[in-house]
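Asks: Make a model of this:
(one chain, ligands or ions: 1)
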Amino acid sequence: MKSENRKNWKLNTRLNHPERISPIPGNPPLLAPIYHSVKFVVSEGTPYWDQFIYGRVSNPTVRQLEVLLADLQNKEDCIVLSSGIAAITGSMLGLLKSGDHVITFRELYKPARIFMRDMLPRFGITTSVLKLNQLDELEQTIIPGKTKLIHFESPTNPNLDIADIQRIIEVAHKHNVLVSMDGTFAGIHQHTDFDIDLMIHSLTKFANGHGDVLAGSIAGKKSLIQQIRQMTITLGATLDPQAASLVERGLKTYQLRFERHVKNAGKVAEFLNQHPKIKKVFYPGLSTHHGHELAQKQMSDMGAVVSFVLDSGLGMNADQFAHKLQLIQFAVSLGATESIICPTHIFFGDDLGPVDKEEMGISPYSLRLSVGLEDSEDVIADLKQALSL
Ligand SMILES: *Cc1c(COP(=O)(O)O)cnc(C)c1O
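Replies: Residues are numbered from 1 along each chain as shown. The predicted model follows:
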């Protein structure tokens, strides 16, 4: 700012144009600053749209998180948005147009399933919904020239089904169809070697990890991210710089947290698996899990979500059980420092018919537990007390 005239300015002018302090070259802050400013002063030298201009379009704090996430996931570029679901909807609205066809799977985060199945058709985009174990039908579901995208999750909610990622990619790419994967349950460090066109994460979960930020990310080729960015800027799903900074802070302990999450979840899964009042446990790390073999091939860590079904002999349904727990909190979401549990039938399947619900293991007796960072002995003790009537 040209401030030679400062001393001549009157009070209201000085109040609104404070002296700006910039870091001394060679003396930067060790941690990235949070740039709250919505506006940046436009420079004469550089093309305007290579500069930071307006906060909805770009911001250095937000960009720093994008660059970090692209790097961590071995992708050319990344965009962060105001929630995980904004990443899912934004990627599709950014890349698809009326007349296009997309394929997804029943075993999907509910709002994503509702968006693809019920909302995209309003914009002339049709959706086929397969079952994740119906990959034999994937190729014949592709409509040449119309199918643009296959979207899936792995592991899935709530029963931790494992998608055969390589198989999906091979079928899709053979027909020039893009693949987008929601890898939230597995975390940002997994599946990075697969040729997935769009890797989506709800950063709200393990990445931020502390349950105090909503955020989402899409990583992929520069050209695809650029196309998505044009749409999401216009939709206004921008991530706030304060939130971006919190996610970046959360990421510093990501690996430490994830290791502990997985260790604790493994112990909890083993405990539940041998308990006579538990009918069935779903955790990819258990050799009894239906996706165990594939998970071992594809994943380095089995995550922290453990789902299980109460034995009817227990005399309690999932809601009663969740309320009986004392340490483990009855709450939605996952990948948090606290252990949280929710009955599957309340939140995950009310848009599905009874057969789909049953096949997906959504019932009044099943629960999804996200194991936190407490001492696993205390978590197990809490489950034990709730199981002993
Ligand atoms: C939570 C979640 C989302 C949505 O993320 P938000 O940040 O809550 O919008 C998407 N996919 C999966 C698998 C999730 O668990």
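Asks: now Cys78, what's its secondary structure?
Replies: strand (DSSP: H, G, I helix; E, B strand; the rest coil).
Asks: How much space separates the residue in the chain that the ligand sits nearest to from Leu69?
Replies: Nearest to the ligand in the chain, going by CB to the nearest ligand atom, is Gly84, at a distance of 2.3 Å. C-beta coordinates here come from the backbone N, C-alpha and C atoms, glycine included. As judged by CB to CB, to the nearest Å, Gly84 and Leu69 stand 13 Å apart.
Asks: Could you tell me which residues of the stretch 101-250 of the chain lie near the ligand?
Replies: 109, 153, 157, 182, 184-185, 202, 204-205, 214, 216 (CB under 6 Å from any ligand atom).
Asks: just these now: which is nearest Met316?
Replies: Asn157 (22.8 Å; CB to CB).
Asks: The closest one looks like it's in a strand, true?
Replies: No - applying three-state DSSP, one finds Asn157 to be coil, outside a strand.
Asks: tally of neighbours for it?
Replies: Other residues lying near Asn157 total 25 when counted by other CB atoms under 10 Å.
Asks: what do you get for Asn273?
Replies: 18.
Asks: wait, doesn't it sit right on Leu286?
Replies: Yes - using CB atoms under 8 Å, Asn273 is in contact with Leu286, at 5.8 Å.
Asks: can you list the residues of the stretch 101-250 of the chain next to the ligand in JSON lines and add pLDDT and secondary structure?
Replies: Shown next, in JSON lines, are these (pLDDT from 0 to 100; DSSP: H, G, I helix; E, B strand; the rest coil):
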{"residue": "Tyr109", "pLDDT": "96", "secondary structure": "coil"}
{"residue": "Glu153", "pLDDT": "98", "secondary structure": "strand"}
{"residue": "Asn157", "pLDDT": "94", "secondary structure": "coil"}
{"residue": "Asp182", "pLDDT": "98", "secondary structure": "strand"}
{"residue": "Thr184", "pLDDT": "98", "secondary structure": "coil"}
{"residue": "Phe185", "pLDDT": "98", "secondary structure": "coil"}
{"residue": "Ser202", "pLDDT": "98", "secondary structure": "strand"}
{"residue": "Thr204", "pLDDT": "98", "secondary structure": "coil"}
{"residue": "Lys205", "pLDDT": "98", "secondary structure": "coil"}
{"residue": "Leu214", "pLDDT": "98", "secondary structure": "coil"}
{"residue": "Gly216", "pLDDT": "98", "secondary structure": "strand"}
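Asks: what's the closest of these to Thr337?
Replies: So of those, ranked by how close each gets to Thr337 (CB to CB), first place is Lys205, at 11.6 Å.
Asks: Next, the contact list for the residue lying closest to the closest one once chain neighbours are set aside, please.
Replies: Excluding its sequence neighbours, the residue lying closest to Lys205 (CB to CB, 6 or more residues apart in numbering) is Gly335, at 3.3 Å. Contact analysis of Gly335 by CB atoms under 8 Å, 6 or more residues apart in numbering lists 184, 187, 204-207, 209, 261, 304, 370.
Asks: Gly335 falls within a helix, correct?
Replies: No - looking at Gly335 with three-state DSSP, it is coil, so not inside a helix.
Asks: Please report how far it lies from Met316.
Replies: Gly335 sits 27 Å away from Met316 when distances are taken as CB to CB.
Asks: wait, Ala70 sits on Glu76?
Replies: Yes - under the criterion of CB under 8 Å, Ala70 makes contact with Glu76 at 6.6 Å.
Asks: ok, these two, which is more surrounded?
Replies: Between Ala70 and Glu76, counting by other CB under 10 Å, Ala70 is the more crowded of the two (20 against 12).
Asks: Now that one: closest residue in space that isn't a chain neighbour?
Replies: Counting by CB to CB, 6+ apart, the residue nearest Ala70 is Cys78, at 3.9 Å.
Asks: Is there a neighbour count for that neighbour? I'd like the number.
Replies: By other CB under 10 Å, neighbour count at Cys78 equals 23.
Asks: thought it was touching Val62?
Replies: No - the pair Cys78 and Val62 fails to qualify as a contact (CB under 8 Å) at a distance of 10.6 Å.
Asks: List the residues that contact the nearest residue to Thr141 once chain neighbours are set aside.
Replies: Closest residue in space to Thr141, ignoring its immediate chain neighbours: Ser128 at 5.0 Å, by CB to CB, 6+ apart. Applying CB under 8 Å, 6+ apart, we find Ser128 in contact with 101-104, 141.
Asks: Nearest to Ser223 among those?
Replies: For the contacts of Ser128, with Ser223 as the reference and CB to CB as the criterion, the closest is Val102, at 19.3 Å.
Asks: For the closest residue to that closest one other than its chain neighbours, identify the helix or strand it belongs to.
Replies: Distances taken as CB to CB, 6+ apart put Leu149 closest to Val102, at 4.7 Å, once the chain neighbours are dropped. Using DSSP states H and E, Leu149 maps to strand 147-153.
Asks: and if you look at Val281?
Replies: Applying DSSP H and E, one finds Val281 within strand 278-282.
Asks: Which residues belonging to that strand are considered buried?
Replies: Under the neighbour-count criterion of 16 or more other CB atoms under 10 Å, strand 278-282 has 278, 280-282 buried.
Asks: Could you identify the helix or strand that succeeds that strand?
Replies: helix 292-298.
Asks: Flag the shaky bits of this structure, pLDDT-wise.
Replies: Along the chain, segments meeting pLDDT under 70 span 1-3, 389.
Asks: what helices or strands is the longest helix seen in it leaning on?
Replies: Criterion DSSP state H: the longest helix present in the chain is helix 254-273. The contact analysis (3 or more CB pairs under 8 Å, 6 or more residues apart in numbering; DSSP states H and E) places helix 254-273 against strand 278-282, strand 305-310, helix 376-387.
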